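In: Provided below are the primary sequence and the corresponding predicted coordinates.
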Amino acid sequence: MEATDEIQETVNAQVDMTEKMCGFIRSTKECYNGLQENIQNDLYCLNINYEDLKAEGYDDIVQYVRNSPMKALEIMETAARIVANEMQQATTGLTIAQHLEIGRPIQVILNSDPIHGYTDEHEQDEAIRLSELNVSQLQKLVVVRAIVIACMPPHYKVTKAVAKCRRCGHELTMDMGWNTPTQLPAKCQQTTAQNTGLGPTGTANNCGANPYELLEGKCQYVAVQHLKLQELPEHGSEVMPQTKQAVVDRNMVDAIQVGSRIRAMCTYTAQEYGKKASVQAVSQPVLRIFGAVEDELSVPRSLSADNNSDPWTLLDEAGEEHPIEYLAKHVIAPEISGHLNIKKAIAAFLFGGTRIEQPSITVRGDIHVLLMGDPGTAKSQFLKWTQKVAPISVYSSGKGSSAAGLTAAVRRDGGGEWYLEGGAMVRGDGGVVCIDEFDKMDEGDRVAIHEAMEQQTISINKANISAMLNSRCGVLAAANPIFGSIREDESMGDQIEFQTTILSRFDMIFMIRDTVNEAQDREIGMKLVEKHFGNPNAEEADSEQIHKLTRYIAEAKRIPAPLTADSGRILQENWIRMRGEGTSTKVKLTARQLEAMFRIASACARMRKSDSISEADAKIAVDLFTNSTMHVAKEGGVAIEGMTGSAGAAEVQVIREWILNSLVRQRRRAELEAELIANFADKDMGKTEAERVVRSVLSLMMKAGEITSFKADGNEIVRKRH
């Protein structure tokens with residue numbers, strides 16, 4: 001009797017809560033109008049803001065959602081169905097059971113402003129990280145912030161199974177839980193009547209083992225999709241980021257894209273796996289998502305919520321000095337001696353330019369920087385420091401990155417189904433990606449990021465999956481020359497193993513030489529010695545400064561900094577001047593290099609907290625571009641798409657044709673080089689320039705596959721036959 005009373009009490013409580021929920025939907029304008037509009041558009045779902053429930057004083061429902069989210073969601077969906085029925089037809093006086101027999105089911109999508117995690121006593125401000133999920137949160141409401149790194153193909157889940165016995169024809173209807181596999185009874189459930197011959201009267205029919213077959217046409221289904229979530233890279237965990245499986249259903253299927261940063265309300269529960277009823281099913285923890293909204297891209301929430309210090313005080317000591325100068329001298333990688341231009345470039349890289357979005361065209365605002373040079377010149381240190389400071393950052397190594405690792409890939413799951421998985425540039429969307437050992441990637445891998453760097457999208461068309469993912473991030477890459485270190489007796493163009501098309505994606509390119517300089521070496525030595533002694537106070541100050549800079553960058557990146565008439569004129573005139581100088585220096589600029597200077601100038605304006613580019617910003621941008629990419633193209637003999645160093649297109653074409661005509665048979669490379677150098681040194685250029693140009697053209701033709709070597713030492717070359 002007591003058990004019956006307890007059951008009745010539970011039923012009464014659920015009926016009471018359903019009626020309260022109906023009242024909430026009717027009285028909340030956004031809910032009622034939203035449901036009405038969705039039904040008119042044949043979309044049977046209702047968005048409910050969890051904060052509205054708290055604000056309206058529905059404390060018992062709020063508590064029920066926290067402690068039993070699955071049951072609470074069923075009550076909400078029942079209430080939504082009742083209100084929807086009232087909208088469509090006169091249903092006054094019907095019981096809840098009668099309401100469930102008419103109309104269509106309504107899915108409730110539960111979202112919330114950032115209340116995030118909670119304990120039994122009070123709510124917390126921060127979201128629960130994936131690595132913090134444990135058994136104490138099972139079957140409870142949790143809110144997580146994560147990035148979607150993979151989306152499995154949608155499939156259908158049986159919610160109401162109808163099966164028929166093969167021998168006696170008995171039909172059985174079963175309600176299936178969303179997290180349990182469809183398992184049919186091992187024995188017939190029909191009670192034997194008299195004279196059936198199937199067994200003693202009043203017992204189960206003896207129809208043999210596993211007699212039921214599923215009547216697929218009579219079953220009820222819902223669409224389900226599994227996702228793979230990963231902790232946000234800016235959480236800064238010293239261990240491998242945690243990955244969790246998640247599931248969405250019905251109207252949320254295909255609503256979340258790979259690379260999306262989401263804030264999701266969900267329950268941490270167990271999904272059972274197992275085919276045989278006689279074998280105990282295996283439970284795997286999974287997040288069932290009730291609702292998700294796109295999270296903020298530009299700044300981690302932990303930084304937004306930190307009001308203990310004002311980040312703008314970081315530049316109080318700069319005085320009249322431009323922020324980029326102050327940051328380069330005192331803030332950017334202070335443990336690395338010298339390299340002021342590189343530090344300025346990293347400052348501009350971190351702040352980024354203004355993205356231009358127009359109906360017909362989109363121009364990226366993120367800045368790409370390439371550091372190339374001798375080993376031991378702090379290239380990797382610059383990358384690690386940048387990854388530590390940037391509000392949103394991903395670090396990757398070229399040695400361990402494939403085209404999938406950097407961009408995206410279509411993979412197979414355990415069941416043989418294809419699914420889409422995002423790589424480093426997808427996870428770094430809205431921030432920066434630092435790629436070390438950039439030269440160690442295969443050619444195919446470098447080609448795969450062409451679109452990702454310039455158009456900032458990644459197009460996938462494989463295995464019947466067609467998708468376009470965002471990769472709105474800046475790239476800071478480090479690489480070594482072909483021979484490991486820079487050779488003074490070889491032109492720089494011969495020592496770079498990159499296509500001109502990939503080099504053209506970088507706004508600033510630096511060549512770093514490990515030169516002998518006593519004063520500089522002494523300063524570097526002092527820095528290294530100081531590291532070994534250590535200074536706890538200095539380390540604490542550095543940590544605070546880094547935190548301030550991170551918040552400074554996050555806030556400044558919100559500021560749009562377009563061109564003004566004066567700053568635009570300065571950039572335009574300098575670009576025209578550089579193009580004019582190309583007649584004598586044989587370095588040709590295109591509009592792509594002008595856009596690079598726009599981005600650098602915009603980043604300088606953001607550092608000043610200004611919403612427009614000043615003349616000083618424009619001049620700094622010109623100087624930085626001149627001391628990086630222009631310097632490499634002029635002095636290094638490096639060919640960049642749109643910029644041809646050391647020789648004009650006409651000279652290059654003449655040398656190319658001469659080589660092809662000469663290689664009717666195999667030739668020794670040294671012999672061919674000497675002949676070419678002697679020929680062209682007498683005509684249009686000096687011997688030194690002729691040597692550099694001839695070797696560059698030979699190297700480019702080898703990369704293009706026009707000529708090939710057929711000996712291991714590369715001394716014998718021949719024209720390649722097609």
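Out: That came in fine, so what should we check first?

In: which stretches of the stretch 401-550 of the chain form helices?
Out: Secondary structure of the stretch 401-550 of the chain (DSSP state H, counting those that start in this stretch): helices located at 403-406, 424-427, 443-448, 450-454, 500-503, 518-533, 536-556.

In: so which of those helices is the most packed in?
Out: Counting by mean count of other CB atoms under 10 Å, helix 424-427 has the highest mean neighbour count of those, with a mean of 27. From N, CA and C alone the C-beta is placed, and that goes for glycine too.

In: just checking, what packs against that helix?
Out: When contacts are defined as 3 or more CB pairs under 8 Å, 6 or more residues apart in numbering; DSSP states H and E, helix 424-427 sits against strand 141-151, strand 393-397, helix 403-406, strand 432-436.

In: if we can go back for a sec, take the helices of the stretch 401-550 of the chain and write them to CSV, including distance to Thr386 and mean pLDDT.
Out: What follows is those, written out as CSV (distance: least, CB to CB, whole Å; pLDDT from 0 to 100):
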stretch, distance to Thr386, mean pLDDT
helix 403-406, 17, 65
helix 424-427, 14, 87
helix 443-448, 21, 64
helix 450-454, 17, 88
helix 500-503, 20, 79
helix 518-533, 18, 75
helix 536-556, 11, 79
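
In: Gln220 is nearest to which of those?
Out: Between Gln220 and the helices of the stretch 401-550 of the chain, the tightest spacing by CB to CB is seen for helix 424-427, at 35.9 Å.

In: hmm, back to that, out of the helices of the stretch 401-550 of the chain, the one nearest Leu314 is which?
Out: If you check each of the helices of the stretch 401-550 of the chain against Leu314 by CB to CB, helix 536-556 wins as the nearest, at 4.7 Å.

In: from the middle of its chain, how far away would whichever helix or strand comes after that closest one be?
Out: Sequence-wise, the next helix or strand downstream of helix 536-556 (DSSP states H and E) is helix 565-585. On the basis of CA atoms, centre = their mean, to the nearest Å, helix 565-585 sits 36 Å off its chain's mean C-alpha point.

In: Quick check: buried residues in the helix or strand following helix 565-585?
Out: Toward the C-terminus, helix 565-585 is succeeded by helix 591-607 as the next helix or strand (DSSP H and E). Neighbour-count burial for helix 591-607, counted by 16 or more other CB atoms under 10 Å, picks out 593-607.

In: ok, so of these, who is nearest Thr362?
Out: Glu595 (12.1 Å).

In: wouldn't the closest one be in contact with Val363 here?
Out: Yes - counting by CB atoms under 8 Å, Glu595 touches Val363, with 6.4 Å between them.

In: Just give the closest residue to Ile553, not the sequence neighbours.
Out: Leaving out its chain neighbours, the residue that sits closest to Ile553 by CB to CB, 6 or more residues apart in numbering is Leu350, at 5.3 Å.

In: re earlier: do you know which of the helices and strands packed on helix 424-427 lies nearest Ile61?
Out: Closest approach to Ile61 among the helices and strands packed on helix 424-427 is made by strand 141-151 (12.0 Å; CB to CB).

In: Name the residues that touch the following helix or strand past that closest one?
Out: Next helix or strand after strand 141-151 toward the C-terminus (DSSP H and E): strand 155-165. With contact meaning CB atoms under 8 Å, 6 or more residues apart in numbering, strand 155-165 is reached by 170-176, 178, 182, 184, 188, 190, 205, 207, 211-215, 218-225, 249.

In: wait, isn't Asn205 in contact with Arg166?
Out: No - applying CB under 8 Å, one finds Asn205 not in contact with Arg166, separated by 11.4 Å.

In: ok, those two, which is more surrounded?
Out: Asn205 (21 against 14; other CB atoms under 10 Å).

In: what pLDDT does that one get?
Out: pLDDT recorded at Asn205 is 73.

In: Would you state the strands of the stretch 1-150 of the chain in chain order?
Out: Secondary structure of the stretch 1-150 of the chain (DSSP state E, counting those that start in this stretch): strands at 45-49, 107-111, 141-151.

In: starting at the chain centroid, how far to the second one?
Out: Right, strand 107-111. With CA atoms, centre = their mean, you get 26 Å for strand 107-111.
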